[in-house]
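S.K.: I would like the atomic coordinates for the input below:
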Amino acid sequence: MRVIRPTLAATLGLLALAGPAAADSCGDLIDRVVAETQATLVKRTADFAEFSAPDGIGMTLACGELSATGVQFRGTPLPAGYFDLFGRAGHAVTGLASEDLAQAARTARTAAATTRHSNVDAGKVLVTCSLSGSREAPVTACAVIERDERR
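M.R.: Numbers count the residues shown, from 1 in each chain. Modelled structure (predicted):
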């Protein structure tokens, strides 16, 4: 009986250590977004993260069974790297080609200039952009959202 207790304790201890690391899929996504975009993690909860990127660009990540990443900027004109950053963040989350995601965001942003909000179907994801705020300081917010293939 004495031999079983230390072995059981050691096994439970290893499982306890391995559990959080294996279960932190949001942490894995955060790491991928940071590596792909060079953004700085600003805030994190269990299923959400905020990042800061160059040129005053903000980024968000919603983690879960279906994840989404967004890129936001207040002002005009948009920084030259806005859509490239969007594509790289989307690639980190979805694995889709960053160039395709960036182009979908450009298309959605162009349409949103007249409709305030626009979506582009990009296969297994939806790319959406919206414009809000004043003409002097508009907020551009674009996101790539994973679709539920079961529906």
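S.K.: Quick check: R109 is in a helix.
M.R.: Yes: counting by DSSP: H, G, I helix; E, B strand; the rest coil, R109 is part of a helix.
S.K.: for it, what are its contacts?
M.R.: With contacts defined as C-beta atoms under 8 Å, 6 or more residues apart in numbering, R109 is in contact with L78, F83, S118, C129, L131, T140, C142. (Glycine included, C-beta is placed from N, CA and C.)
S.K.: any idea how far the residue positioned nearest the centre of the chain lies from T140?
M.R.: In the chain, the centroid-proximal residue (C-alpha atoms, centre = their mean) is T69; its distance is 2.5 Å. In this view, T69 and T140 are 15 Å apart by C-beta to C-beta, to the nearest Å.
S.K.: pLDDT at the closest residue to T60 other than its chain neighbours, what is it?
M.R.: The shortest distance from T60 to any non-neighbouring residue, by C-beta to C-beta, 6 or more residues apart in numbering, is to G70 (4.5 Å). Looking at G70, its pLDDT stands at 98.
S.K.: Let's verify G70: helix, strand, or coil?
M.R.: Three-state call for G70 (three-state DSSP): strand.
S.K.: that older thread, same list (the contacts of R109) but as TSV, adding neighbour count.
M.R.: TSV is the format used below for these (neighbours: other C-beta atoms under 10 Å):
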residue	neighbour count
L78	17
F83	21
S118	20
C129	27
L131	19
T140	24
C142	30
